[in-house]
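> Kindly return the folded structure for what I paste below:
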Amino acid sequence: MGIDDKKENGEEHIPEPVFHETENFRTAYFGKIPDEVAQTVPVKFERKLIATLVTQLTNPDSREIKDEVLKVLKEGESQELLMEVIGMKEYAKHRRTIIAACWECGLDFSKYLDAFVSLLGEKSTDELTCLEITTVIEEMAGPFDEKVLDRNLERLKTISVDEPLKKELLTTVHNRLKEFKAN
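Prediction:
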């Protein structure tokens, strides 16, 4: 797989962000990569730069740059990066903020419906994180495969919660998935 956008198996490939670090600068490329940088591109997201991203989104002292970070995430169509960070155990305490960044940056996470419904069912997902997940799902544009919707509607039925807000949010997600199914 190349670094530039290409069609693979008839599907458009959106490149992952590429991070490049020199002695004096650290740069994130979202899109076309200069040839001299492309030769040094790592295969996976660099952990040090993921840590920087999490800090920029979560540190109260970084609030003034948060809008710019969200803009860069959107321009780079960084859904895969955000999903990777959400799944990293070392950032579990920041999961709510990272999930909020998913809808705040204005990207469509329809491709990740399964993952977000799974997060709803995790015992560690608190009410406020559930609210952020619900917002991400409500903002999804689709289209969705019928099987994906059916699977997630069934999964929602198996999630048992005691908190009133979580119950209400699960109902909201259930209704939204039914709307997707009706369209």
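> F180 touches F144, doesn't it?
Yes - taking contacts as C-beta atoms under 8 Å, F180 lies within contact range of F144: 5.2 Å. Where you see a C-beta, it was placed from the backbone N, CA and C, and this is true even at glycine.
> Those two - which one has more neighbours?
Higher neighbour count among F180 and F144: F180, with 21 against 18, using other C-beta atoms under 10 Å.
> Return the residues in contact with the more buried one.
With contact set as C-beta atoms under 8 Å, 6 or more residues apart in numbering, F180 has these partners: M140, G142, F144, L149.
> Around Q79, how many other residues sit close by?
So Q79, with other C-beta under 10 Å, has 20 neighbours.
> meant to ask about E146, not that
Neighbour tally, E146, other C-beta under 10 Å: 10.
> Tell me how far it lies from G106.
In this view, E146 and G106 are 27 Å apart by C-beta to C-beta, to the nearest Å.
> try D126
25 Å.
> So for those two, which sits in the more crowded spot?
Set D126 next to G106 and count neighbours by other C-beta under 10 Å: D126 wins out with 14 against 11.
> Next one: the more buried one from L165, what distance?
Taking C-beta to C-beta, one finds D126 at 10 Å from L165.
> Show me the strands in the chain, by range?
Taking DSSP state E as the test, the strands found in the chain are 6-8, 11-13, 18-21, 26-29.
> and the contacts of F180, which are buried?
M140, F144, L149 (16 or more other C-beta atoms under 10 Å).
> Just the ones of these in helices?
L149 (DSSP state H).
> Save the buried ones among the contacts of F180 as a markdown table, and put in distance to A92 too.
As requested, the buried ones among the contacts of F180 are exported to a markdown table (distance: C-beta to C-beta, whole Å):
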| residue | distance to A92 |
| --- | --- |
| M140 | 23 |
| F144 | 28 |
| L149 | 28 |
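> Outline the domain layout of the chain.
1-107, 109-183 (automatic domain parsing).
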